[in-house]
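Asker: Here you go, sequence then predicted model.
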Amino acid sequence: MNLILFTFIILLGFTSYYFGRRKAHTIQSTNKRLTALPQFYGYYLAIWCAIPAFIIFSLWAIFEPTIVKLLILSDYSNQGYLDDELNLIYEKTKALSRGQFTGEITPFIKASAEKYLSLRSIAQSSKVVIVLSIIIASVAYAYKRISSNSRTREPVEKFLNAVLFTASLAAILTTVGIIFSLIFQTIDFFKVIPLFDFVFGTHWYPAKAFVRDSSEALDPSMYSDTFGAVPIFAGTFFIAFIAMCVAIPIGLMSGIYLAEYASSKVRQYAKPLIEILAGIPTVVYGFFAALTVGPFLKELGTSMGLEVSAESALAAGGVMGIMIIPFISSLSDDVITSVPQSLRDGSYAMGATKSETIKRVIFPAALPGIVGSILLGVSRAIGETMIVVMASGLAANLTLNPLESTSTITAQIVVILIGDQAFGDPKTQAAFALGMSLFLVTLCLNIVALRVVKKYREKYE
Amino acid sequence: MNKNKEQLLNKRYKAEKRFRLYGQSAIFMALLFLTIFIFKIFSTGYSAFQKTWLIVPVNFDAELMMLDENPTKQDIEDADYYEIALQSMWNLDPNANEDQQNQLKRMVSYFFEREIKQELLKDPNLLGKTKEVYLTASDDLDQVFKGNYPRDLPEDQRRVSDYQLKIFDQLVANGKVESKFNISFFTNADSREAELAGIASSFMGSIFSILVCLMIAFPVAVLAAIYLEEFAPKNRFTDFIEVNINNLAAVPSIVFGLLGLGVLLAIFQLPRSTPLVGGITLSLMTLPTIIIAARASLKAVPPSIREAALAMGASRMQTTMHHTVPLSMPGTLSGTIIGLAQALGETAPLILIGMVAFVNTIPGSPMDPAASLPVQIYIWAESAERGFVEKVSACIMVLLGFLIIMNLFAQIIRHKFEKKWN
């Protein structure tokens, strides 16, 4: 139904465009000068068609459910139901009207469902009538208004400008959406679990926080020693550290080699090949780490008499490091290439060898940019999910032994939220609190890194 | 003194060589990882494109199927195939005891009666006759036949018994085991039985998610880029938008999953596990990538183009829409494709919005529950059965194939259509 209406409105838009242009041509044929090209007259009318339609559609979407609900529940208003019960009745009514109701059907509910359906159809048909009549009225009004000396280009361009501006707000809206989705659950979480316990507690067993009913859910004593995030944070930074131990030497050295030593031919092939590593989906790395690297390390360890867990932090961190190599190599390559040639020439003129120039002149000059790229790599390592979920342990051990298994923030979020979640359960809220801390940590890293890189670029440009 | 200098110089040259070697070995290491990686995936995955069939004589006994003389099509449809299916497996070894008969039955896939039924539906004249029918081998035998299953393990650690192996080897010796291209891997939905599991449902899920993502992210991102690059005044607010975009590009993907869960599912009540929600979530993630690419390619259009249009009396909007934007399109499009390729490989946010649910139907619209290719990889990788290992690798090969095609496409657009200004 909505789709038909929508198509019809789009057709109406095209028709009004056509009428607008025709009117412009008629005016032109009377030898009067137009103030804008004829198609602007068309766009102008089409906009007069689109805006009212959009406004009415959104008003309907916002108010229709509320009003229908009010009307349905007004039947029950003087029977002393609680709000929750009323909501339940309404949900039952809706389910019954869709034919998905499985409980006992009482005559009351049945009557409500019938009323619901009739209200919905009234709402639908009135929407059609109102939308169409208002569109036609507004287009007719605009059609009457345009004349040889009316302005059409300016309003059309203003409208387009407004559309462009709205689109650019999408980025802000997304950020707001992220914060909004995280913050309420996080606040609810800290209402039950004290912030201190979360930040300094050393035991993380969310599975223990299994509550049977809502009275238990609000009892803080249920959760003592359950949501201490220290092992999680430690595990996250530990795995990120292992990853950086792999990624920084290899990434940085390949960046330096590509920028300073490699012939253009080697560069032409090696650079894209290394960048393939960045394009491989992380779930593939996860599979690789879990199936190949983990067992391999375990066997290697056993042959050396070491006890290695099949889900060791080393496997996850090492593979994650491979994933981060291209980020560091590409960025540091860019940064080193943008160091001015004069610095190199000066150093060579003093008799320094190439490696001495790189170590003593270019590297210090490029250091801020390199640090920026490393920070971005760290932020990626901390936020990386699939490798850890698949290759590292899911139980949070507080350990600094790379051969044991640990868990990370991202892995815990997935573990908690996979499958069905009940909002309002501290376990679910804990995942959002972890998400919030992840967001904040990476945000800080990103801001610092981007700022450092930007400052550096400005210095040499 | 002179000798000392020479020694020092030698030392410096050696250090130079060493440093160079470090660089070379770093590149070598990175490329080595890539090679091992691709080799490993291909060597475990290629066998999944083959499927093992047992050729078993089936007696279409009307009596056992509870059919009368001249059954209608509907009768054949409704007939009982289980008995004849069982009989045909048991006939492989007429002397089998009850336990062995059970083992015989487990040599073929769980849905073997369906395959027999299809055979009869194709040719109703088979009724009362015996015909050799291709039955899907169980995933364990499939692995044995492909040589992926260690036969020398002690029997109690194997999922295939000695008895089954004996019968199987007889069949192999008689040429009754055949390996054919595994079409069902591409046409079947997910299944708990490894030998029947396919990627069709997750493939459609991926396609739908990417389409939704494209339809939302592309227009919004291009419009936003046009505004920021061509119209936005330079002030605090636009700076703020820019900081936002750059940050969003580096926010971990799982946070977008939390956004999808907390806003799209919890507040807007959109249907769980659907490509619609997945696509919206992914579109928020790709938005910054496309905006950044589109801005860069708008910036690359030389100012002379704009000045010429303005000088001819075009308004700013006309200049932008008629000249700058079309000229920037190749760069924008290739950036979009790269962004979509990233979205196609994304897993974590989709897991959070419930696209990991087990789906054994092929979704017909973005509103039907589905998985996606990377999520399918995750689901299968978490399954314990050996038969899934090669499936995972094969699924990875399909996914990587798509990513390569998309990236090549982006390259082609960039090189073929982008104007070089100089």
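Answerer: Done, it's in.
Asker: hey, let's count contacts and neighbours off CA atoms from now on
Answerer: Fine.
Asker: Nearest residue to the residue in the stretch 301-422 of chain B that chain A sits nearest to in space, please, no chain neighbours.
Answerer: Per C-alpha to the nearest C-alpha, B:Gly345 is where the stretch 301-422 of chain B lies closest to chain A, at 4.8 Å. Nearest residue to B:Gly345 in three dimensions, chain neighbours excluded: A:Pro281, at 4.8 Å (C-alpha to C-alpha, 6 or more residues apart in numbering or on different chains).
Asker: Verify the stated contact: that neighbour with B:Glu346.
Answerer: Yes - here A:Pro281 reaches B:Glu346: they are 6.6 Å apart, a contact under C-alpha atoms under 8 Å.
Asker: Overlap of the contact sets of the two?
Answerer: Listed contacts common to A:Pro281 and B:Glu346 are B:Pro374; contacts here mean C-alpha atoms under 8 Å, 6 or more residues apart in numbering or on different chains.
Asker: Which residues of the stretch 251-400 of chain A lie near chain B?
Answerer: A:251, A:253-254, A:256-257, A:261, A:270, A:273-274, A:277, A:279-284, A:287-288, A:322, A:325, A:353-356, A:376, A:379-380, A:383-386, A:390 (C-alpha under 8 Å from any C-alpha of the partner chain).
Asker: What residue spans form the domains of chain B?
Answerer: Following automatic domain parsing, chain B resolves into domains at B:49-182, B:200-417.
Asker: Could you work out which of these reaches nearest to A:Phe363?
Answerer: domain B:200-417 (25.4 Å; C-alpha to C-alpha).
Asker: Show me how far that closest one is from its chain's centre.
Answerer: Centroid displacement of domain B:200-417 relative to its chain, using C-alpha atoms, centre = their mean, to the nearest Å, is 17 Å.
Asker: start to end distance for that domain?
Answerer: End-to-end distance of domain B:200-417: 34 Å, with C-alpha to C-alpha, to the nearest Å as the criterion.
Asker: quick one: the helix or strand harbouring A:Pro65 near chain B?
Answerer: Assigned by DSSP states H and E, A:Pro65 belongs to helix A:38-73. No - judged by C-alpha under 8 Å from any C-alpha, helix A:38-73 and chain B are separated, with a smallest distance of 11.0 Å.
Asker: in that helix, what's buried?
Answerer: A:38-50, A:52-53, A:56-57, A:60, A:64, A:68-69, A:72-73 (16 or more other C-alpha atoms under 10 Å in any protein chain shown).
Asker: phi, psi of the residue nearest to B:Gly345?
Answerer: phi -60, psi 150 (degrees, to the nearest 10).
Asker: now swap in B:Val58 and tell me
Answerer: Phi and psi for B:Val58, reported as degrees, to the nearest 10, are phi -120, psi 130.
Asker: Could the C-alpha coordinates of stretch A:13-22 be exported in CSV?
Answerer: Extracted C-alpha coordinates of stretch A:13-22, given in CSV (Å, rounded to 0.1, in the frame of the first residue of the first chain):
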residue,chain,number,x,y,z
GLY,A,13,6.6,14.8,-8.8
PHE,A,14,7.5,14.1,-12.4
THR,A,15,4.2,15.4,-13.6
SER,A,16,4.6,18.6,-11.7
TYR,A,17,8.1,19.0,-13.2
TYR,A,18,6.6,18.6,-16.6
PHE,A,19,3.9,21.2,-15.9
GLY,A,20,6.4,23.7,-14.5
ARG,A,21,8.5,23.4,-17.6
ARG,A,22,5.6,23.7,-19.9
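Asker: if we can go back for a sec, any chance of the domains of chain B in JSON lines with distance to A:Thr26, mean pLDDT and mean neighbour count as columns?
Answerer: As requested, those are exported to JSON lines (distance: least, C-alpha to C-alpha, whole Å; pLDDT from 0 to 100; neighbours: other C-alpha atoms under 10 Å in any protein chain shown):
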{"stretch": "domain B:49-182", "distance to A:Thr26": "66", "mean pLDDT": "81", "mean neighbour count": "16"}
{"stretch": "domain B:200-417", "distance to A:Thr26": "24", "mean pLDDT": "91", "mean neighbour count": "21"}
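Asker: Out of the ones you listed, flag the one nearest A:Val308.
Answerer: Nearest to A:Val308, of those and by C-alpha to C-alpha, is domain B:200-417 at 20.7 Å.
Asker: For chain B, what's its nearest residue on the stretch 151-300 of chain A.
Answerer: Residue nearest to chain B within the stretch 151-300 of chain A (C-alpha to the nearest C-alpha): A:Ser168, separated by 3.9 Å.
Asker: Rounded mean pLDDT for whatever helix or strand that residue lives in, please.
Answerer: Per DSSP H and E, A:Ser168 falls inside helix A:153-192. The average pLDDT within helix A:153-192 is 90.
Asker: buried residues in it?
Answerer: For helix A:153-192, by 16+ other C-alpha under 10 Å, it's A:153, A:156-157, A:160-161, A:164-165, A:167-168, A:170-175, A:177-179, A:181-183, A:185-186, A:188-190, A:192.
Asker: can you check stretch A:300-319 too?
Answerer: Under 16+ other C-alpha under 10 Å, the buried positions of stretch A:300-319 are A:Val308, A:Ser309, A:Ala310, A:Glu311, A:Ser312, A:Ala313, A:Leu314, A:Ala315, A:Ala316, A:Gly317, A:Gly318, A:Val319.
Asker: So which residues of the stretch 301-450 of chain A form helices?
Answerer: Under the criterion DSSP state H, counting those that start in this stretch, helices of the stretch 301-450 of chain A are mapped to A:313-337, A:341-349, A:354-357, A:363-383, A:386-391, A:409-417, A:426-460.
Asker: Adding mean pLDDT and distance to B:Thr361, write these out as TSV.
Answerer: Below are these laid out as TSV (pLDDT from 0 to 100; distance: least, C-alpha to C-alpha, whole Å):
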stretch	mean pLDDT	distance to B:Thr361
helix A:313-337	92	34
helix A:341-349	93	61
helix A:354-357	92	61
helix A:363-383	91	33
helix A:386-391	90	25
helix A:409-417	89	24
helix A:426-460	86	29
